[in-house]
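Participant: Based on what follows, work out the 3D shape:
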Amino acid sequence: MRTFQLLLRSGLTVTAAAALPLALTAGTAGAASGISVSTTGTTVSVTTSACSQNRTTGVWGTGSLLTSSQGSFAEGRKATLAGTSVSQSTAWTNVTPGTYTIIVMCQNVSTPAGTQSVIVSRSTTPTATASPTRGVMGGLGGATKDYGPLTLAAGGGLVTVGVLATAWFLRRRAKPYRL
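Facilitator: I've put the predicted structure just below:
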């Protein structure tokens, strides 16, 4: 009976360890790519790779530069995205110093590709601060960097080896007369 319980526990542990890399991969696959904002003097530019081109109009999407008193995408200073399937960008010139929010909406998509706050100062030193679009995502650790499938597979392999070594150790401990 004891052997059966030990095998059942170790079997559940192995199953959970095997499912862990799949769960980690699935969580990062659905993440949005977002936007990247930079300032140079009085010019604010935004770059994204999240949009796809509308085949009929040829438009990638629109960016909106909002001041602190503006609350919606429609109220902001709009600029059309231009670029390729790899990267789209737009820029606003003659932006007065202050704090702004940039929102990028892709063509035919109801949710923003990304939102980011930026501070335009009198100096030419670029200063940008990111604001989370879905709140603080604490506990995800390195979720902001894509390590790729090879790294995730190597980590999953190490977890599997650790689980198998633990099961082997517990099995040997259950029968002390074995060498």
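
Participant: so what's the residue lying closest to S89 once chain neighbours are set aside up against?
Facilitator: Distances taken as C-beta to C-beta, 6 or more residues apart in numbering put T47 closest to S89, at 4.3 Å, once the chain neighbours are dropped. Where you see a C-beta, it was placed from the backbone N, CA and C, and this is true even at glycine. Contact analysis of T47 by C-beta atoms under 8 Å, 6 or more residues apart in numbering lists I35, S36, S38, S87, Q88, S89.

Participant: Check the burial of Q88 by counting its neighbours.
Facilitator: Using other C-beta atoms under 10 Å, Q88 is surrounded by 25 other residues.

Participant: Show me what counts as buried in the host helix or strand of G63.
Facilitator: Using DSSP states H and E, G63 sits within strand 61-67. For strand 61-67, the neighbour count (16 or more other C-beta atoms under 10 Å) marks G61, T62, G63, S64, L65, L66 as buried.

Participant: Which single one of those residues is nearest to T93?
Facilitator: Of all the buried residues of strand 61-67, L65 has the smallest distance to T93: 10.7 Å, by C-beta to C-beta.

Participant: where's the residue nearest to that closest one when sequence neighbours are not counted relative to Q107, distance?
Facilitator: In space, L65 comes closest to R77 once its chain neighbours are excluded; the distance is 4.4 Å by C-beta to C-beta, 6+ apart. Distance, R77 to Q107, by C-beta to C-beta, to the nearest Å: 19 Å.

Participant: before we move on, what about S68?
Facilitator: Noted for S68: a distance of 27 Å to Q107, by C-beta to C-beta.

Participant: Identify the residue nearest G98 in space, chain neighbours excluded?
Facilitator: V120 is the one closest to G98 (C-beta to C-beta, 6+ apart), at 6.1 Å.
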